[in-house]
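A.B. asks: 3D model of this:
(one chain, ligands or ions: 1)
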Amino acid sequence: MARERAEAGKLTVSRSVQTAAKIPPAGRWAVEASVPACLVPQRLAGIDQDGLARISLTVADGRIEAIEAVTGSSDALSTGMVFPSFVELHTHLDKGHIWPRRRNPDGTFFGALDNVTLDREAHWSAADVAARMDFSLRCAYAHGTSAIRTHLDSIGKQIGISWPVFAEMREKWAGSIELQAVALFSIEHVADRAHMSEIAAALRTHDGILGGVTYMVPELDQGLDTLFRVAADNGFDLDFHVDETQDPTARSLHHIAEAVLRHRFAGRVTVGHCCSLARQEEDEIKATIEKVAEAGIAVVSLPMCNLYLQDRVSGRTPRSRGVTLLHELKAAGVDVAVSSDNTRDPFYAYGDLDALEVFREAVRVAHLDHPFGDWPKAITATPASVMGIDAGRLRVGGPADFVLFKARNWTELLSRPQADRIVVRNGRAIDTTLPDYEELDALLGGGSSDLPASNHP
Ligand SMILES: O=c1cc[nH]c(=O)[nH]1
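C.D. replies: Residues are numbered from 1 along each chain as shown. Reported below is the predicted structural model:
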């Protein structure tokens, strides 16, 4: 009996392994799956009430040769759902996985800021940053991600360390994960001319994006004017960390939208977090959202990190979910994405750069369901369009980069971690084994940091 159960278990576990094994390493093959119709630019027949259509996807020589409605039985492989490979618009690859070395003692935003600063000053050599970045990228790749934008802490000596490492990683991962990076520093640093010229030089050398953390300081508008001028003069896009607080008087989002319009800025502007927007009065919310839409700003929400850091008061249950107003922004025509943000660092103790996990949590936290509508674009087509890259959709002639799930519908997809997903890149099933945390032990001092009460620098 025990043997029969074990055999039956083996069969269930191995079904997607068997499907993956049937995908040839080259040539033409086809798979039938249900796709969120919003992720396929062509018209699809038979879209169901959940926005899913059953398609047959033919792959030839690494590209999508045909996408057709399923009409009857065929020789194609058959599975549950298919998504285009994921796109992460907001991450922090330079901080990833430092938790075992430097935890956040109280789980607050300022606990995160202080402890990341200590870790960065003590440990962020080129070798340290490179090893953790590469580990994170292997995780993201195995989960099915093909493009990532990361912020890089860019202050003092770190500028000369992290940017060259990032450039090496971008080259190493070219063709597997497309990478972009944003310079991250707080708005007060903008007044420091030497800092700004060092930043501009690094971004010119490494084709970077100008960023910054904005909050309500007296020099906010002056700082924004400098950032917009530097961006316009150098052809940089802008990507800010904005109002990551529950304080309703934090209104830097409105100031950024006004700066876009004041400068008639022609580049792409993205803002992350915008948590305080959800704490403001309705008329103020409406006025800010209208300005953000008019300015053509894209918003990226980081639901897992926001749940972790926002409204955290020791001994008190959080009352707010911390996320920005995703539905209202999208209804106003604003491009809205969701992304991982931090992974296993003092800003967020968990996470593995699994965009499906982000989507699953975003659905739960922000009610992106009933109907799901075009919310699947928030981890695919929308961030790809904000990044200006050809990804995040399944289109004929495009690369055969997609993720196959055994789950046949939303309730099956979002109820399990989908650890047995099949990731197809350039028409081939890749190895989805995740890197072993033990690899990082030599760098971070072992895996037992959840036990001792204090950090070790
Ligand atoms: O959420 C945040 C904010 C600033 N820096 C980070 O790494 N994460």
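A.B. asks: low pLDDT regions in the stretch 251-400 of the chain?
C.D. replies: Judged against pLDDT under 70, the stretch 251-400 of the chain has no low-scoring part.
A.B. asks: List the contacts of His255.
C.D. replies: Counting by CB atoms under 8 Å, 6 or more residues apart in numbering, His255 makes contact with 214, 220-221, 224. The way it works is simple: take the backbone N, C-alpha and C, and place the C-beta from them, glycine included.
A.B. asks: Surely it is within a helix?
C.D. replies: Yes: counting by DSSP: H, G, I helix; E, B strand; the rest coil, His255 is part of a helix.
A.B. asks: ok, it to the ligand distance?
C.D. replies: As judged by CB to the nearest ligand atom, to the nearest Å, His255 and the ligand stand 18 Å apart.
A.B. asks: which residues sit against stretch 246-253?
C.D. replies: 214-216, 220, 242-243, 271, 274-277, 279-281, 284, 288, 292, 310-311, 320, 322.
A.B. asks: Filter those residues down to just the ones in helices.
C.D. replies: 220, 284, 288, 292 (DSSP state H).
A.B. asks: ok and the residue in the stretch 201-350 of the chain nearest the ligand?
C.D. replies: Phe347 (4.1 Å; CB to the nearest ligand atom).
A.B. asks: Identify the residue nearest that residue in space, chain neighbours excluded?
C.D. replies: Ala112 (4.3 Å; CB to CB, 6 or more residues apart in numbering).
A.B. asks: got a markdown table for the ones in helices among the contacts of stretch 246-253, with neighbour count and distance to Glu32 too?
C.D. replies: Output for the ones in helices among the contacts of stretch 246-253, formatted as a markdown table (neighbours: other CB atoms under 10 Å; distance: CB to CB, whole Å):
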| residue | neighbour count | distance to Glu32 |
| --- | --- | --- |
| Leu220 | 19 | 54 |
| Glu284 | 14 | 49 |
| Thr288 | 25 | 45 |
| Val292 | 25 | 41 |
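A.B. asks: quick check, the helix ranked longest in the chain touching the ligand?
C.D. replies: In the chain, with assignment by DSSP H, the single longest helix is helix 126-143. No: using CB under 6 Å from any ligand atom, helix 126-143 stays clear of the ligand, with a minimum separation of 13.0 Å.
A.B. asks: Partner strands of the next helix or strand after that helix, with direction?
C.D. replies: The helix or strand immediately downstream of helix 126-143 is strand 145-153, counting by DSSP states H and E. With DSSP bridges as the test, strand 145-153 is paired with strand 86-91 (parallel), strand 178-184 (parallel).
A.B. asks: Strand 145-153 versus helix 126-143: what angle between them?
C.D. replies: 150 degrees (axes from the mean of the first three to the mean of the last three CA atoms, to 10 degrees).
A.B. asks: So is the next helix or strand after strand 145-153 next to the ligand?
C.D. replies: Per DSSP H and E, the first helix or strand lying C-terminal to strand 145-153 is helix 158-173. No: using CB under 6 Å from any ligand atom, helix 158-173 never reaches the ligand; the gap is at least 12.5 Å.
A.B. asks: Find the nearest non-adjacent residue to Arg360, please.
C.D. replies: Nearest residue to Arg360 in three dimensions, chain neighbours excluded: Leu414, at 4.8 Å (CB to CB, 6+ apart).
A.B. asks: Same question for Pro36.
C.D. replies: Of all residues not flanking Pro36 in the chain, Pro376 sits nearest, at 4.1 Å (CB to CB, 6+ apart).
A.B. asks: Can you give me the distance of that neighbour to Trp410?
C.D. replies: 10 Å (CB to CB, to the nearest Å).
A.B. asks: what do you get for Asp61?
C.D. replies: 32 Å.
A.B. asks: Make sure Phe83 is indeed in a helix.
C.D. replies: No: counting by three-state DSSP, Phe83 is not found in a helix; it is strand.
A.B. asks: how about it, what does it touch?
C.D. replies: Here Phe83 is in contact with 35-36, 39, 144, 356, 376, 380, 402-403, 405 (CB under 8 Å, 6+ apart).
A.B. asks: at 10 Å instead, please
C.D. replies: Counting by CB atoms under 10 Å, 6 or more residues apart in numbering, Phe83 makes contact with 33, 35-36, 39, 144, 355-356, 359, 376, 379-380, 392, 394, 402-405, 413, 421.
A.B. asks: Could you do Phe347 as well?
C.D. replies: If a contact means CB under 10 Å, 6+ apart, then Phe347 has 92, 95, 99, 104, 107, 109, 111-113, 115-116, 244, 302, 305, 308-309, 341 as its contacts.
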